[in-house]
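[1] Got a predicted model here, sequence first, then my questions.
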Amino acid sequence: MTYVATAIGYPYIGENREWKKSLEKFWKQEITEDDFVKQQKEIRLSRIEKQLQLGLNVVSVGDFTNYDRVLDTAAMFGLVPQRFNWQGGKVDLSTYYAMARGTKDAVACEMTKWFNTNYHYIVPEYEGQTLRVTENTLVKHFVEAKAAFDIIAKPTFIGPYTFIQLTKGYDRVSKASFVLALLPLYAQVIKELVAVGAEWVQLEEPALVTSLDKEEIQLVQEIYAQLATAVPEAKIMLQTYFESLFAYEQLIQLPVQGIGLDFVHGYQDNMNALRQHGFPADKVLAAGVINGRDIWRANLAEVNATVKAIEQLSDAKELWIQPSCHLQHAPITTKFETKLDDILRDALAFADEKVVEIAEVVAYLEGKESTAISESMKAIEALKNHPIRNNKTVQQAVQTIEQVDFERNTPFTERLTIQQKALQLPLFPTTTIGSFPQSDEVKQKRNAWRKGNLTPAEYNAFLEQETARWVAIQEELDIDVLVHGEFERTDMVEYFGEKLTGFAFTENAWVVSYGSRCVKPPIIYGDVALETPMTVKETVYAQSLTKRHVKGMLTGPVTILNWSFVRDDIERKDVTYQIALALRKEIEALEEAGISIIQVDEPALREGLPLRKEHWSAYLEWAVGAFKLATASVQDETQIHTHMCYCEFNDFIEPISALDADVISIETSRSHGELISSLQHNPYDKGIGLGVYDIHSPRVPSEKEMLTIMEDSLQVLARNQFWVNPDCGLKTRKEPETVAALANMVAAAKTLRQQIEQSV
Ligand SMILES: Nc1nc2c(c(=O)[nH]1)N[C@@H](CNc1ccc(C(=O)N[C@@H](CCC(=O)N[C@@H](CCC(=O)N[C@@H](CCC(=O)O)C(=O)O)C(=O)O)C(=O)O)cc1)CN2
Ligand SMILES: [Zn+2]
């Protein structure tokens, strides 16, 4: 048996986020395009070198990107929407980034969650364009790696079925023509790779782990049959991840030379399938056995046992050992984390340490002796016994939750009347989602405070000054419900992690969230408890400056869970309930302090939805439950808001309603029509603000544009339920464009009010 240590993909942001910094400098025109291209190449190659040094036998190319790998695939095939005025030829960087970020004249392509992760990809749009291979970047990167290190790398890109599923713009009829146009291009790219010496080509097909109907399975079979005919000379590694392969018995027979399975997230089902149906003797099995999207050190004794079992159950002619998915979802290295609790630090493995684990597993299979196994077990045992995992009060509180704790006192329709009376808001109230621009000054002051160059009092005074300035701006703009601006927060999850016990936060554990934007997820490693209020001071301060309502602003329990790295020794449900109970206290404290509108953001509720429909109801029961547990104890007069963004919401209206939040603000501007039509079929009766402009673009939308969106929305929503707000928080925007856009938004709301008044 041959064993190969490999990875589906390795992070591209760089140990110190060199990739991000270079890209942002290029956008700001602080470096030239030539410099940028050179820097990106250096980063690309240095990460290959590192993976080789850490012990991989085969590394991937094509796992790197200039912004997003789905966008790369779209650009490679010339799938550029007309509005970007692309003149053909190669897709130049300016067209590429216009699609990602929008321009003055063209709205950006839609951005949405990559399966059940916190990464967002750019949604390809098919408009019937003539497709062709604009540039085979995979060949370029393959040749570049060969020249630098004399290796045969494994080119990887998004496979045809997944790419087709993620593309929008076609209906059932034109789907066939899209597939027909696309497949020869896949074949061409693969042919050219083989011609320059590639042995394996990896096609990533995470869509094959989602629930598929008969027609979809048939399409998958047709696609791969056609590819096999078109490029018989290629060896295709069909790579799946995030769950077990759907319809294993059928799909395992696809005419490809290798199949990759996720034995971490799809462990149970993939093992069962393997036991029942075996694995074809003529194929290579790539086994994802190290969790590619968490931060925990693996128990190598367990992993080795799994791998041995896989080996025995399959007839595979070769076994590849790899992390369960692209490592872009994990931070890069633990070596900078010098401030963590020793027991915790010892139990961590980021991307580099995971690569080493892969090499260790292969060494074990090859019969080499190593102390790695016992060391991993010791580290995990130590963390298990950590006192922070033994907070009896918190554990007891979760065990004694009762049914009444999940429900508000009064049903929504009655609350609505009570709140309307108490809050006295105009028709179509205007508001924002919470954050205002995190200017360079805000970040610099925070940095100075962290380094001890600014006293806590000075930092606090600065934050208050910034809040006061923005309260004045909001009043000037005549916004109805104000926010304090979230200037004290680096990130809506990391900030709460720093305040709650049971969390640890890192110095450098960045992962990419979209484009160049990164997040530093906190680590939940113990029982979660609230010791002191987290947001009361800032909110009450803002409220003291104005007669208008200031909305309290919290991140919800499910989002805190989904955007953190979470301990895996207890159920996710129980961790979430612990967070929910902590938030419940915070919400009660805000209410007690006189705050009458409280927003609890749950943008990650949808992304946490299992990839298989049969698991949805179990997840939703506790996820929706956690939100209700956090929010249900308030008075009828207190209005609970929530917010969601950058997900597919069309099949999600029911769970949203089940949250029993009085008002939701929801991102829609990049995919407006779809949500509207979905609301038509699934009536929604609570307060709702459909985002009227895209906040990911510096473009200032006109009043007229937003008015149109509002008028469309009113086709499916009642007047007294409709709120007006942007798609999401404004922290990434600059001040001038923010103020200009909000001014147009308020003007549009006022015009709409006038129209209504005139019509009665
Ligand atoms: N966790 C999470 N997930 C999410 C979202 C979210 O808000 N949070 N929103 C959606 C995605 N949207 C996002 C929007 C913005 C950013 C974002 O702005 N990220 C920042 C980092 C934010 C941060 O922590 N900033 C630190 C600064 C960290 C830093 O870069 N410091 C400099 C030095 C400071 C300086 O700039 O002077 C350095 O280390 O070099 C701070 O504010 O203090 C970035 O990539 O640039 C991320 C995600 C979905 N998923
Ligand atoms: Zn949002």
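    Arrived safely, thanks for sending. Note that the structure is predicted; figures quoted are calculated from it, not measured. Residues are numbered from 1 along each chain as shown. Ligands and ions are numbered 1, 2, ... in the order given.
[2] what residues are up against whichever residue of the stretch 301-450 of the chain sits closest to ligand 2?
    Closest approach of the stretch 301-450 of the chain to ligand 2 (Cβ to the ion) occurs at residue 433, with a separation of 5.7 Å. Where you see a C-beta, it was placed from the backbone N, CA and C, and this is true even at glycine. Listed by Cβ atoms under 8 Å, 6 or more residues apart in numbering, the contact set of residue 433 reads 483, 599, 601, 643, 665, 695, 725-730.
[3] what's the nearest residue to residue 436 if we skip its chain neighbours?
    Among residues not flanking residue 436 along the chain, residue 485 sits closest, at 4.0 Å (Cβ to Cβ, 6 or more residues apart in numbering).
[4] coming back round to it: taking the contacts of residue 433 one by one, which sit in strands?
    Secondary structure of these is defined by DSSP state E; positions in strands are 599, 601, 643, 665.
[5] would you turn those into TSV with distance to ligand 2?
    Formatted as TSV, the entries for the ones in strands among the contacts of residue 433 read as follows, by distance: Cβ to the ion, whole Å:
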residue	distance to ligand 2
599	11
601	7
643	6
665	8
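[6] just those now: which is nearest residue 279?
    Distance to residue 279 across these (Cβ to Cβ) is lowest for residue 601, with 43.6 Å.
[7] Tell me how many other residues crowd the closest residue in space to the closest one that isn't next to it in sequence.
    With Cβ to Cβ, 6+ apart as the criterion, residue 601 has its nearest non-adjacent residue at 4.6 Å, and that residue is residue 643. By other Cβ atoms under 10 Å, 27 other residues sit near residue 643.
[8] pLDDT score for the residue positioned nearest the centre of the chain?
    In the chain, the residue lying closest to the centroid (Cα atoms, centre = their mean) is residue 118, at 1.5 Å. In the predicted model, residue 118 carries a pLDDT score of 94.
[9] ok, residue 575 touching residue 558?
    No. Distance between residue 575 and residue 558: 10.4 Å, which falls outside the contact criterion (Cβ atoms under 8 Å).
[10] ok, back up a step: where's the residue nearest to the centre of the chain relative to ligand 2, distance?
    Distance of residue 118 to ligand 2, given as Cβ to the ion, to the nearest Å: 12 Å.
[11] so that residue touches residue 563, yeah?
    Yes. At 5.6 Å, residue 118 and residue 563 qualify as touching, with contact defined as Cβ under 8 Å.
[12] Quick check: neighbours shared by these two?
    Counting by Cβ under 8 Å, 6+ apart, the contacts common to residue 118 and residue 563 are 519, 521, 604.
[13] Pull the contacting residues for the last one.
    With contact set as Cβ under 8 Å, 6+ apart, residue 604 has these partners: 118, 558-559, 561-563.
[14] ok, now with 6 Å
    Contact analysis of residue 604 by Cβ atoms under 6 Å, 6 or more residues apart in numbering lists 559, 562-563.
[15] cool, the first one as well?
    Contact analysis of residue 519 by Cβ under 6 Å, 6+ apart lists 491, 513.
[16] Mind listing the residues bridging to it?
    Assessed by DSSP bridges, residue 519 has beta-bridge partners residue 511.
[17] and the helix or strand of the chain with the lowest mean pLDDT, how far out from the chain's middle?
    Among the helical and strand segments of the chain, the one scoring lowest on mean pLDDT, DSSP states H and E is helix 672-681, with a mean of 82. When C-alpha coordinates are averaged (Cα atoms, centre = their mean, to the nearest Å), helix 672-681 and its chain have centres 23 Å apart.
[18] Now whatever helix or strand comes next after it: buried residues?
    Reading on from helix 672-681 to the C-terminus, the next helix or strand found by DSSP states H and E is strand 687-690. Of the residues in strand 687-690, those with enough neighbours to count as buried (16 or more other Cβ atoms under 10 Å) are 687-690.
[19] In space, what's closest to residue 257 - neighbours in sequence excluded?
    residue 235 is the one closest to residue 257 (Cβ to Cβ, 6+ apart), at 4.2 Å.
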